[in-house]
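Enquirer: Coordinates only, no sequence provided:
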């Protein structure tokens, strides 16, 4: 079992390799399939956005079987995502969860646009995502950030990442118990699409 701090260091080191274009020995081909095909042993859980530009295994230079990845637009926390994380923690003993948002997030941008111009979302199911992001973003419109679209979006992305992290820490009795027992760490992170770097923050 890999401890949370070691798992976090692996991800940080892997991202440094990715940014430097230095690939590890992880190869995406049939020979890299874990030999014990009946058992998973991921050292980290990633709750990330569905954006095609942010594939977690590549961003962190990891191989098949290393990460338990859950992807949904806006890296939101809904019952299915929460249940997936609980499953991984309980069954695999994984001690690290990363909430991975990213720059230029379309789901967060859609939310800020909908707050500015209500009713602009054309598809009802998109509202289910926007409505989960909205509570973290709306308070920003009471600040001076509302006058700068670029800074507003960046602040909204961070606020949404932190909101998802907070939900994982407090909306699941199972996860909350593991955290209190120092058997689980939940960390916020943001991937920069322009640089490829992942900024880890909110380590508590």
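Expert: Happy to help now that I have it. In this text, all values refer to a predicted model and were calculated from it rather than measured experimentally. Residues are numbered from 1 along each chain as shown.
Enquirer: Pull out the buried positions in the lowest-mean-pLDDT helix or strand in the chain.
Expert: One helix or strand of the chain scores below all others by mean pLDDT, DSSP states H and E: helix 124-137, with a mean of 91. Across helix 124-137, burial judged by 16 or more other C-beta atoms under 10 Å covers 129, 130, 132, 133, 134, 136, 137. (Glycine included, C-beta is placed from N, CA and C.)
Enquirer: other SSEs contacting it?
Expert: Under the contact criterion of 3 or more C-beta pairs under 8 Å, 6 or more residues apart in numbering; DSSP states H and E, helix 124-137 touches helix 106-116, helix 149-170.
Enquirer: I'd like those helices laid out as CSV, including distance to residue 186.
Expert: Below are these laid out as CSV (distance: least, C-beta to C-beta, whole Å):
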stretch, distance to residue 186
helix 106-116, 20
helix 149-170, 5
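Enquirer: want to throw these into CSV with mean neighbour count?
Expert: Compiled in CSV, those are given as follows (neighbours: other C-beta atoms under 10 Å):
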stretch, mean neighbour count
helix 106-116, 20
helix 149-170, 20
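Enquirer: and of those, who's closest to residue 8?
Expert: Between residue 8 and the helices and strands packed on helix 124-137, the shortest gap by C-beta to C-beta is with helix 149-170, which sits at 13.9 Å.
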